[in-house]
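Participant: Based on what follows, work out the 3D shape:
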Amino acid sequence: MISKTISKTDLPLPARGIPEDSYFEATFSDGSVVDERDTNWSAFSKKEDVNYFGRTLNFFISNFPIVKIKTRLNGMEACIEEISEGTRVYQFIRSERMLAKGVDRNLIIGRGIGLVRDGVVIEERFINAIENRVQGMRK
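Facilitator: Sure thing, here's the model as predicted:
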C-alpha cells in the first residue's frame with residue numbers, strides 16, 4: 001500500500017500553522033489514503049515547474065498516482081474525482097503573513113488542488129476563504 005510508505009508526522013495541524021478544519025485527503029491508485037492530519041504533502045511530492053494558464057509556476061506534485069483528492073477549509077470542501085491515468089496532482093495553501101509590533105501571524109486565505117498533464121495545469125479547484133466560496137478552472 002502506497003500510504004504505508006509515506007512518513008507520518010507527530011505534530012498536530014495547529015503546531016504546523018494549519019487550522020484543525022483545514023486539510024487535504026488523497027486516495028492513491030491502490031485505494032490507500034493519506035490525510036494531512038497525520039502526514040505532510042512534502043513527504044510524497046516534489047517541486048516542479050508547470051505551465052499555469054500561460055505562466056510558469058512551481059508546484060509540489062505528488063510522486064504517486066492519485067485517483068481522488070479533496071481539501072477542506074472553513075467548512076467548505078473542494079474535490080476532484082476520477083483522475084485519469086497519467087494525470088498528476090498538486091495541492092497548495094495560500095496565506096498572508098501579518099507582521100506588526102508584537103504580532104507575527106499567518107492567515108490562510110485559501111486552499112487549492114489541481115491536475116497536471118504533460119507539464120500543463122488542466123484543472124484547479126480553489127477554496128477562497130475571503131469570499132467564502134469554491135472556485136474552479138479547467139483548460
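Participant: Check the offset of stretch 27-39 from the chain's centre.
Facilitator: For stretch 27-39, the gap between its own C-alpha mean and the chain's C-alpha mean amounts to 12 Å (C-alpha atoms, centre = their mean, to the nearest Å).
Participant: For it, which outside residues touch it?
Facilitator: With contact meaning C-beta atoms under 8 Å, 6 or more residues apart in numbering, stretch 27-39 is reached by 1-4, 6-9, 12-13, 18, 23-26, 44, 64-69. C-beta coordinates here come from the backbone N, C-alpha and C atoms, glycine included.
Participant: so who does residue 130 touch?
Facilitator: Applying C-beta under 8 Å, 6+ apart, the residues near residue 130 are 109, 110.
Participant: In three-state terms, label it for me.
Facilitator: coil (DSSP: H, G, I helix; E, B strand; the rest coil).
Participant: From residue 96, how far off is residue 45?
Facilitator: Relative to residue 96, residue 45 is positioned 23 Å away (C-beta to C-beta, to the nearest Å).
Participant: These two: who's more crowded?
Facilitator: residue 45 (19 against 11; other C-beta atoms under 10 Å).
Participant: Specify the beta-bridge partners of that one.
Facilitator: Residue 45 has these beta-bridge partners by DSSP bridges: residue 62.
Participant: How about residue 116?
Facilitator: Going by DSSP bridges, residue 116 forms beta bridges with residue 88, residue 121.
Participant: Contacts only, for the residue nearest the centre of the chain.
Facilitator: Computing the C-alpha centroid of the chain and ranking residues by C-alpha atoms, centre = their mean puts residue 91 first, at 2.1 Å. Applying C-beta under 8 Å, 6+ apart, we find residue 91 in contact with 24, 26, 41, 60, 69, 71, 111, 112, 113, 114.
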